[in-house]
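>>> Any chance you can model this:
(2 chains)
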Amino acid sequence: MSNLLYLLCAYIVFWALTFVLVFSIWVRQRRLEREIAALQARLEEVGRGKGVASER
Amino acid sequence: MREPGQDRLGIALTGLSAVVLFVALGMAFLYAPREATMGDVQRIFYFHVASAWVGFFAFFVTFLAGVGYLARGERQWDILALSSVEIGLTFIAMTVVTGSLWARPVWGTYWTWEPRLTISAVQLLIYIAYGMLRAAIDGPRRKARFAAVYGIVAFVTVPLSWFAIRWWRTIHPDILTGGGGMAITSRMVHTLLVSLAAFTLLYASLLRQRVRLERATDALARLRARIETT
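Numbering: from 1, shown residues only, chains lettered A, B, ... in the order given. Presented below is the predicted three-dimensional model:
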């Protein structure tokens, strides 16, 4: 393997690992945001349901 | 109006770190001269040293956060410690792999059990075990307390790694003294300094996002608890 190929591999490793870290944080963040939104919607639904029941 | 979850400072920090990172990359290939003995493969050095710096700094932040948690017992210190370990591990792994790729053409081998490399390998394993320890302990407070103590003790690998090339006989280059057969010019120093700045900004940006992620995990747990009691 030539010297330039080692150099190329090293920089590919750097970008790949940075990408993996950024992507894993992004994926986990998106999943959590979706779950939080779904739970908040469920809480609001429960709150509305209680409000309707108390009006009756 | 600001949307929920929008982080302007985070976006600015990410943008800035990306710009400085590309400047550092450009300098490593276009501004820094070709090293006389090693040739082009020496250009690995700029990102290799910068990633090692970030790894060490991340573990130092974990050390400080561990002290903070033991002193105050606040969750935010535990979040900071955990987030910093994850980033530090990625950068130390990067340092080890890029170092091996540099060593093959220069030393004739990908790996040798000399002090700096050995300590780096042990350090990597110690911080992987930090995550395993957290996963193995029940109870958030107990987990945070054990992790804080572990993070403080594990930090000993950082000064050990730093001084390994000064205390023991080693073939690893020393960039401060120019030992190890590397001739450093002023352009190389400029490139290294810009790389260090770029990686530090990248660390700050990643840490901010990772801390936000952990806070979102906590928010989710609180919402779940509210639903269970509703």
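>>> What residues does chain A have near chain B?
A:1, A:3-4, A:6-7, A:9-11, A:13-14, A:17-18, A:20-22, A:25-26, A:28-29, A:32-33, A:35-36, A:39-40, A:42-43, A:46 (CB under 8 Å from any CB of the partner chain). For every residue, glycine as well, the C-beta is placed using N, CA and C.
>>> Surely residue B:16 and residue B:198 touch.
No: with contact defined as CB atoms under 8 Å, residue B:16 does not reach residue B:198; the gap is 9.5 Å.
>>> more crowded one of the two?
residue B:198 (25 against 15; other CB atoms under 10 Å in any protein chain shown).
>>> what helices or strands is the helix or strand where the more buried one lies leaning on?
Assigned by DSSP states H and E, residue B:198 belongs to helix B:186-229. Under the contact criterion of 3 or more CB pairs under 8 Å, 6 or more residues apart in numbering or on different chains; DSSP states H and E, helix B:186-229 touches helix A:3-55, helix B:8-26, helix B:44-72, helix B:75-107.
>>> tilt between the longest one and helix B:8-26?
Read it as helix A:3-55. 170 degrees (axes from the mean of the first three to the mean of the last three CA atoms, to 10 degrees).
>>> Neighbours of residue 49, how many?
Let's take chain A. Quick note: residue A:49 (other CB under 10 Å) scores 10 neighbours.
>>> my question was about chain B
Around residue B:49 there are 19 residues (other CB under 10 Å).
>>> right, and it touches residue B:194 too?
No: assessed by CB under 8 Å, residue B:49 is found out of contact with residue B:194, at 11.9 Å.
>>> what comes into contact with stretch A:23-31?
Stretch A:23-31 is contacted by residues B:206, B:209, B:210, B:212, B:213, B:216 when judged by CB atoms under 8 Å, 6 or more residues apart in numbering or on different chains.
>>> gap between it and the chain center?
A distance of 2 Å separates the centroid of the chain from that of stretch A:23-31, by CA atoms, centre = their mean, to the nearest Å.
>>> May I see the buried residues of it?
Residues of stretch A:23-31 classed as buried: A:25, A:28, A:29 (neighbour count, 16 or more other CB atoms under 10 Å in any protein chain shown).
>>> what's the pLDDT at the first one?
What that stands for is residue A:25. pLDDT, residue A:25: 92.
>>> Which pLDDT value goes with the nearest residue to it once chain neighbours are set aside?
Sequence neighbours aside, residue B:209 is the residue nearest to residue A:25 in space, at 5.1 Å (criterion: CB to CB, 6 or more residues apart in numbering or on different chains). Here the pLDDT value assigned to residue B:209 is 93.
>>> before we move on, what about residue A:42?
pLDDT at residue A:42 comes out at 84.
>>> Please list all residues in contact with it.
By CB under 8 Å, 6+ apart, the neighbours of residue A:42 are residue B:227.
>>> I appreciate the help and will end here.
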